[in-house]
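> could you work out the structure for the sequence below:
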Amino acid sequence: MLWELVWREVPNDGLDPADIRQKVESGEPLKINYDIDQRISQLINNCRLVDASARPNFVEIVDIINTVLSDTGGQGNARR
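Presented below is the predicted three-dimensional model:
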């Protein structure tokens, strides 16, 4: 969902559900443009880890987002 908020698109739009599932289960990363804050990029990747116990919890997600917002002047601009 974070990926969708940053790019305002739906990832893998147009693919069959079976193809999307295969991409997720194989750990294939979403395409992330180079102009995004590295912390947001890493957060997106960490939230998609196959091992659910390795994913960040909600408190960690909020902390990372708040730090990025603070560092970018509170403008909510995760992109550089």
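> so what's V68 scoring on pLDDT?
You'll see V68 listed with a pLDDT of 91.
> so where's the chain shaky on pLDDT?
For the chain, the stretches with pLDDT under 70 are 1, 3-8, 74-80.
> recalculate using a threshold of 80.
1-12, 24, 27, 29-35, 73-80 (pLDDT under 80).
> ranges for the helices of it?
Secondary structure of the chain by DSSP state H: the helices cover 2-7, 17-25, 38-47, 58-71.
> would TSV of those helices with mean neighbour count be doable?
No exception for glycine: its C-beta is placed from N, CA and C like everyone else's. Listed next are those as TSV, based on neighbours: other C-beta atoms under 10 Å:
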stretch	mean neighbour count
helix 2-7	15
helix 17-25	12
helix 38-47	16
helix 58-71	12
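> surely R55 meets L49?
Yes: taking C-beta atoms under 8 Å as the definition, R55 is a contact partner of L49 at 5.2 Å.
> closest one to I32 among the helices of the chain?
Nearest of the helices of the chain to I32, taken as C-beta to C-beta: helix 38-47 at 4.9 Å.
> what sits against P56?
Counting by C-beta atoms under 8 Å, 6 or more residues apart in numbering, P56 touches 43, 46-47, 64.
> and which of those residues is nearest A18?
Closest to A18, out of all of the contacts of P56 and judged by C-beta to C-beta, is C47, at 22.0 Å.
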